[in-house]
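In: pasted the sequence and its predicted model underneath.
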Amino acid sequence: MLHDILMPPGHPSLPRRRGRKWSLTSEGQLGLLLFYISSTMNYKNLCLIFGITLNACSRMLRNMLKLAVRHLRFHPLARIKFPSVEKMQTFASMINNREHSIDDVIGFMDGISLATECTSEATTQNAFYSGYGCDTVINNVFAYGPDGKVFIAAINCPGSWADGSLSSLFFDSIRRRIGPYKICVDQGFPRSGDAWNVLVGPMNERSARRLHPAVREYMLQVSNVYTSLRQSSEWGMRGLQGSFPRCKKRLPSNFRQRRLVMESIVLIHNFRTDIVGSNQIKTMFDPEYERFITLDGYDRISHYYLQPEDFESDTDGDENDIH
């Protein structure tokens with residue numbers, strides 16, 4: 001099916017060239033692309049497997065990456081698109097079926113840093129060097145829906161930018177479209193000011209200690225639900241890196257080539273999730289999965305939850321007596 005989308009019958013698979021024909025058929029070219037993004041092999045090993053020369057391998061991969069991005073960018077099964085009002089209602093209902101106390105969350109957002117090759121240009125190298133990770137990286141932010149597909153993607157950004165700074169590039173677009181719904185994030189994203197009631201997430205221990213005893217139990221319950229939901233973004237990141245190990249290898253130093261690699265991975269991830277359906281997020285929010293999570297004590301991240309008794313002090317009782 002992917003072959004027919006990228007290379008429709010009657011259309012040339014790759015640009016015509018003078019002289020000798022391409023070393024691989026259209027099926028072989030697609031296999032080369034999928035093998036490239038689904039492994040950490042370098043060009044030399046790919047040439048040994050497919051029986052082609054280094055120059056042919058480089059040219060075909062570059063052209064296939066462009067072909068994948070061009071055809072999948074607007075394909076309904078693979079495109080990265082913010083959900084419509086009807087889709088947001090469906091997402092909120094899917095999440096509410098799992099977490100009954102939350103009825104307005106439609107997705108989960110998180111950032112990820114991926115190593116990239118160094119460049120000889122001093123200004124670019126300085127921008128992409130991360131002092132936190134002590135490495136040259138790119139920062140990316142992805143938002144996943146309960147169907148497992150990416151509906152927001154900010155890719156190939158400088159490694160010196162934090163998640164909060166990166167989200168400011170597209171936050172206005174989210175606020176205009178999201179309406180009464182919310183996106184669950186971690187503490188690396190802003191949740192106050194303009195982001196209030198748009199980006200939500202678990203509170204830290206410092207904020208929990210400042211809560212009044214009368215509302216502490218309720219607020220911690222909500223925070224623990226957000227902690228549970230935020231785990232979905234970690235599953236999404238693992239799905240990208242596990243299915244496409246090319247993310248784990250240093251990405252090209254060329255800005256355009258690196259963007260093609262990242263965008264093709266995200267688009268093929270969405271396409272694969274819709275067609276194959278093998279996705280942890282999609283499985284967890286499937287109604288059929290509810291029968292498994294009703295087991296007594298089934299919660300593998302419960303040790304991350306904040307408990308009200310952990311923040312009680314000797315003055316709590318005195319405050320309750322006064323009021």
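Out: Perfect, thanks for sending it. Just so we're clear, the structure is a prediction, and the values are computed from it rather than from any experiment. Numbering: from 1, shown residues only.
In: which helix runs longest in the protein?
Out: Longest helix in the chain, counting residues (DSSP state H): helix 213-243.
In: show me how far that helix is from its chain's centre.
Out: Distance, stretch centre to chain centre, for helix 213-243: 15 Å (CA atoms, centre = their mean, to the nearest Å).
In: same for it, what does it pack against?
Out: strand 105-115, strand 135-144, strand 182-184, helix 205-209, helix 255-275, helix 280-284, helix 315-322 (3 or more CB pairs under 8 Å, 6 or more residues apart in numbering; DSSP states H and E). Bear in mind the C-beta positions are built from the backbone N, C-alpha and C, glycine included.
In: change it to 6 Å
Out: Under the contact definition 3 or more CB pairs under 6 Å, 6 or more residues apart in numbering; DSSP states H and E, helix 213-243 sits against strand 105-115, strand 182-184, helix 280-284.
In: what residues sit buried inside stretch 190-202?
Out: The neighbour-count check on stretch 190-202 (16 or more other CB atoms under 10 Å) flags Pro190, Arg191, Ala195, Val198, Leu199, Val200, Gly201, Pro202 as buried.
In: what pLDDT does the third one get?
Out: On pLDDT, Ala195 comes in at 85.
In: then Arg176?
Out: At Arg176, pLDDT is 91.
In: now do the one 10 residues further on
Out: In this model, Asp186 is scored at 87, pLDDT.
In: can you pull the domain assignment for this protein?
Out: 2-72, 85-311 (automatic domain parsing).
In: dump these into a markdown table; add distance to Ala78 as well.
Out: Formatted as a markdown table, the domains of the chain follow (distance: least, CB to CB, whole Å):
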| stretch | distance to Ala78 |
| --- | --- |
| domain 2-72 | 4 |
| domain 85-311 | 4 |
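In: among those, which is the most enclosed?
Out: Among those, ranked by average contacts under mean count of other CB atoms under 10 Å, first place goes to domain 85-311 (a mean of 17).
In: let me see the contact set for the residue sitting nearest the centre point of the chain.
Out: Using CA atoms, centre = their mean, the residue of the chain that lies closest to the mean C-alpha position is Phe142, 3.4 Å off. The contact partners of Phe142, by CB atoms under 6 Å, 6 or more residues apart in numbering, come to Val150, Ala153.
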